[in-house]
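> Whatever this is, show me its structure:
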Amino acid sequence: MNKNEILLLLTDRWCDWEASYAIAVTNSFSEYNVKTIGIDTTDQVSMGGIKAAVDFSISDYDNFDSLSMLIIPGGLSWEENDYDEIAQFIKKVRSLDIPVAAICGATYFLCKHRFLNNIKHTGDSLELFQSVKGYEGEKLYIPAQVVFDKGFITANETAAVEFAYEIFKILKVDSDEEMSQWFDNFQNGAVH
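Residues are numbered from 1 along each chain as shown. Next comes the predicted model:
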């Protein structure tokens with residue numbers, strides 16, 4: 001079976017721009033299909049006011065044989081909610097060796113649920129993670145735009161381009177040369 005599905009996990013007031021490069025390129029210019037998933041199938045409204053339909057609820061999703069990656073954008077609800085059911089879903093995804101990509105507030109969520117205690121990681125700040133009860137990953141924190149370790153991509157809130165590039169490399173959406181050219185264009189501008 002072809003592992004060509006990417007899930008974008010949506011929560012209330014999700015950051016629409018943080019995964020936009022990654023999902024647009026993979027959905028439009030590769031063999032991957034991006035689908036949305038949430039706690040339930042209620043439409044989710046982004047910080048920018050974009051109402052997005054949710055294709056799957058995490059309790060009903062069973063297409064793991066086709067799943068190539070779970071992408072989790074940040075948002076304004078990660079600090080307000082425990083989302084234990086999402087944590088269980090991430091555990092299931094990782095138990096199947098499927099990569100998880102989290103950016104901004106989603107890294108805070110991973111921290112809250114102790115996913116970052118034993119992997120190299122980054123996020124919006126070490127101080128933010130240190131304020132979370134149960135966080136033991138200080139020595140593994142890297143002050144970087146994006147970090148990939150043991151199946152997790154973590155990125156800070158300013159790293160949408162780097163986040164996408166790391167996703168592209170893991171999914172091998174194009175040749176190394178094409179992906180490098182894309183990164184250079186979006187990082188430095190097409191006109192230098």
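> From here on, just use CA atoms for contacts and neighbour counts.
Noted.
> show me where this protein has helices.
20-29, 84-95, 105-112, 126-130, 160-171, 176-188 (DSSP state H).
> counting contacts, what elements does the third one pack onto?
With contacts defined as 3 or more C-alpha pairs under 8 Å, 6 or more residues apart in numbering; DSSP states H and E, the packing partners of helix 105-112 are helix 126-130.
> Also the second one?
Helix 84-95 sits against strand 100-103, with contacts defined as 3+ C-alpha pairs under 8 Å, 6+ apart.
> Apply 7 Å and report the result again.
Here helix 84-95 touches no other helix or strand, going by 3 or more C-alpha pairs under 7 Å, 6 or more residues apart in numbering; DSSP states H and E.
> and the closest residue in space to residue 158 that isn't next to it in sequence, what is it in contact with?
Nearest residue to residue 158 in three dimensions, chain neighbours excluded: residue 145, at 7.3 Å (C-alpha to C-alpha, 6 or more residues apart in numbering). By C-alpha atoms under 7 Å, 6 or more residues apart in numbering, the contact set of residue 145 is 155-156, 159, 162.
> Most neighbours among these, which one?
Ranked by neighbour count under the definition other C-alpha atoms under 10 Å, the contacts of residue 145 are headed by residue 155 with 32 neighbours.
> Check which residues of stretch 36-49 are buried.
36-47 (16 or more other C-alpha atoms under 10 Å).
> for stretch 96-115, same thing?
98-115.
> One more: stretch 111-129?
So for stretch 111-129, counting by 16+ other C-alpha under 10 Å, buried means 111-125, 129.
> Just name the closest of those to residue 86, please.
residue 113 (9.9 Å; C-alpha to C-alpha).
> Quick one: neighbours of the spatially closest residue to the closest one that is not a sequence neighbour, just the number.
Leaving aside its chain neighbours, residue 113 sits nearest to residue 87 (6.7 Å; criterion: C-alpha to C-alpha, 6+ apart). By the criterion of other C-alpha under 10 Å, residue 87 has 17 neighbours.
> how far away is residue 87 from residue 127?
For residue 87, the distance to residue 127 equals 22 Å [C-alpha to C-alpha, to the nearest Å].
> Residue 135 too?
11 Å.
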